[in-house]
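1. Sequence first, predicted coordinates after that:
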Amino acid sequence: MRSNSLALFVAASVYHLSGVGAAQLKQKPLAEYISYSSVPGYFVQDNNSTNASTFDFVRPHSVKTFLHYQSRVATNFGLINQTYPTDGQFDPKGEKSQWERFANQVFRLNLESPSNIIYKLLFIGRHGEGFHNAAESYFGTPAWNLDGNSTAYWADAHLTANGIDQAQTVNDLWRTLIDSQNITTPQSYYVSPLTRCLQTANVSFNGLPLPAEHPFVPEVKELLREGIDIHTCDSRSNLTYIKANFPGYTIEPGFTEYDLLFRQSTSETTTAQNLRSKTLLDDIFSTDGETYLSFTTHSGEAGSLLSVLGHRSFSLSTGAVIPVLVKAETLSGSPPTTTVLPYTSQVVCNQPPVTSLATGGCVCSSGSTIPTGEAKRR
C-alpha cells in the first residue's frame with residue numbers, strides 16, 4: 001500500500017493532476033476511509049489561550065506563564081499535570097510520573113475503544129534552523145528562491161550551528177524525561193527527505209537510551225516534505241546522496257532517485273498540501289501498528305498535518321516539537337467530498353535580482369519588479 005500511495009501521488013504531480021485531477025484520483029469512492037481528530041485536554045498546545053509565538057515546549061516561557069500553569073502543567077512538551085480516570089487502578093499510591101500515567105491513559109483508550117478506532121500520539125517536530133532560514137531573513141524572499149550566493153548555498157539547506165543546537169535541546173529533553181519520568185519514546189520514526197530534517201532527526205534522537213525493540217531507525221517519507229513550490233530550499237537531494245549520508249535510515253518503497261515533485265514555476269495550494277498530508281497519514285495509520293510516532297518535518301507541513309488532524313493552528317519555531325493525541329476512526333462508505341485547488345503560477349527572476357525590496361519583493365535584472373513573496377515558513 002505504501003508504494004502505491006507514493007507512486008500515485010508522484011504520478012499525479014508530475015502529470016499536473018495535483019489540482020482537481022488529483023482530488024479525483026485520491027478521493028474516489030472507497031469501501032472505507034479514515035477520519036482523524038485531535039483529542040484535546042492533554043497538552044497546553046490544545047488550548048486556544050496558549051500563544052504559539054511565546055510558548056516554550058521545554059519549559060515555561062516566562063514567570064507569568066509559570067504562575068499561570070504551575071498547578072496544571074508539566075514543563076515538558078506541554079503535557080498538562082492532571083489526574084486521569086485510570087489513575088486509581090494504575091497508580092493507587094501516587095508513585096508514577098505524569099508521563100507514565102498518560103501512557104496508561106492512552107493504553108486504556110485503545111483497549112476500551114471499538115475495533116475501528118485507534119489512538120496514537122504524534123510528536124510532530126520542525127527541523128532546526130537551516131541556512132535557508134537565515135538567508136531569507138537577510139536577502140529577502142525573491143533572491144532567496146535562488147540556490148545560493150557566492151558564500152552560502154541553501155538549496156536543500158543544511159542546519160546552521162544554531163539549528164544543531166536546537167535539535168540537541170530536543171535530545172537533552174528526551175534524555176531528561178527518559179531518566180526522570182520514564183516517558184514512552186517514539187516506537188516509529190518518520191522524516192522528510194530534505195537534508196535539514198534528516199540532520200535534525202539524527203541529532204534529536206541519536207545516542208538516547210531507547211528500548212531495543214524500538215531503536216532509532218527513521219523511515220524517509222517523500223510526502224512528509226515541505227510545501228511543493230519554487231523555493232530551492234524545498235527541493236530534495238537525490239536518493240544516492242541520502243543513502244550515502246544517512247546510512248542508518250530506511251527508504252520507503254517507491255522513493256525515486258531524483259526529485260520529481262519540485263516545481264520551477266508553480267506552487268502547491270493549501271488544499272493540495274492537505275490532500276498530500278491526508279495521503280501520508282492514511283499510509284502510516286494503515287500500515288504502522290505502533291502507538292507513539294515521531295514526525296520530523298517543516299513548519300508548513302506541520303501546519304498542514306495539524307489542519308488535517310483537526311488540531312488548532314499552532315505555528316512551530318525552528319526546532320520546536322508539538323505532541324498531538326490523535327483519534328483515527330475507520331468509517332464505511334465514501335469519504336466526504338473535498339475541493340482541491342490546482343497549483344498556482346509563480347513569477348520569478350530568470351537571473352539573480354538586482355535588489356530586494358523592504359516589502360519582501362525584488363527588482364529583477366531585466367528591470368521588472370516582483371511583489372512580495374509568501375510569508376516565511378519552511
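-> Perfect, I can see it now.
2. where in this structure is pLDDT low?
-> Residues of the chain meeting the criterion pLDDT under 70: 1-4, 8, 10-30, 59-75, 132-154, 346-378.
3. longest helix of it?
-> Ranked by residue count under DSSP state H, the longest helix found in the chain is helix 161-181.
4. Give the buried residues for that helix.
-> Buried residues in helix 161-181, counted by 16 or more other C-beta atoms under 10 Å: Gly163, Ile164, Gln166, Ala167, Thr169, Val170, Asn171, Leu173, Trp174, Leu177, Ile178, Gln181. In this view, the C-beta of every residue, glycine as well, is placed from N, C-alpha and C.
5. how many other residues sit next to the nearest residue to the fourth one once chain neighbours are set aside?
-> If you skip the residues right next to it in sequence, Ala167 has Val203 as its closest partner in space, 3.6 Å away by C-beta to C-beta, 6 or more residues apart in numbering. Residue neighbour count, defined by other C-beta atoms under 10 Å, stands at 20 for Val203.
6. what element comes up after the helix or strand harbouring Val203 heading to the C-terminus?
-> Per DSSP states H and E: Val203 is located in helix 195-205. With elements assigned by DSSP H and E, the helix or strand that comes after helix 195-205 is strand 219-220.
7. just checking, what packs against the following helix or strand past that following strand?
-> Sequence order places helix 239-245 as the next helix or strand after strand 219-220, per DSSP H and E. In this structure, helix 239-245 packs against helix 195-205, strand 250-251, with contacts taken as 3 or more C-beta pairs under 8 Å, 6 or more residues apart in numbering; DSSP states H and E.
8. Which strands border the shortest one, and is each parallel or antiparallel?
-> Strand 250-251 has these partner strands in its sheet, going by DSSP bridges: strand 219-220 (parallel).
9. Summarise which helices and strands the helix holding Val203 is packed against.
-> The helices and strands touching helix 195-205, judged by 3+ C-beta pairs under 8 Å, 6+ apart, are strand 117-126, helix 161-181, strand 188-191, helix 239-245, strand 292-297.
10. Regarding the protein, what is its longest strand?
-> Criterion DSSP state E: the longest strand present in the chain is strand 321-332.
11. Mind giving me the packing neighbours of that one?
-> Counting contacts by 3+ C-beta pairs under 8 Å, 6+ apart, strand 321-332 packs against strand 32-38, strand 117-126, helix 299-308.
12. buried residues in that strand?
-> Buried residues in strand 321-332, counted by 16+ other C-beta under 10 Å: Val321, Ile322, Pro323, Val324, Leu325, Val326, Lys327, Ala328.
13. Which of the residues you listed sits closest to Lys278?
-> Nearest to Lys278 among these is Ala328, at 11.5 Å by C-beta to C-beta.
14. returning to that earlier point: output the longest helix of the chain in CSV with nothing but the alpha carbons.
-> C-alpha atoms of helix 161-181 as CSV (Å, rounded to 0.1, in the frame of the first residue of the first chain):
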residue,chain,number,x,y,z
ALA,A,161,25.2,25.8,14.1
ASN,A,162,22.2,27.2,15.9
GLY,A,163,19.9,24.7,14.2
ILE,A,164,22.1,21.9,15.5
ASP,A,165,21.9,23.4,19.0
GLN,A,166,18.1,23.5,18.7
ALA,A,167,18.0,19.8,17.8
GLN,A,168,20.4,19.0,20.7
THR,A,169,18.0,20.7,23.0
VAL,A,170,15.3,18.2,22.0
ASN,A,171,17.7,15.4,22.5
ASP,A,172,18.5,16.7,26.0
LEU,A,173,14.8,17.0,26.8
TRP,A,174,14.2,13.4,25.7
ARG,A,175,17.1,12.2,27.8
THR,A,176,15.8,14.1,30.9
LEU,A,177,12.3,12.7,30.5
ILE,A,178,13.6,9.2,30.0
ASP,A,179,15.6,9.3,33.2
SER,A,180,13.2,11.2,35.4
GLN,A,181,9.7,10.2,34.1
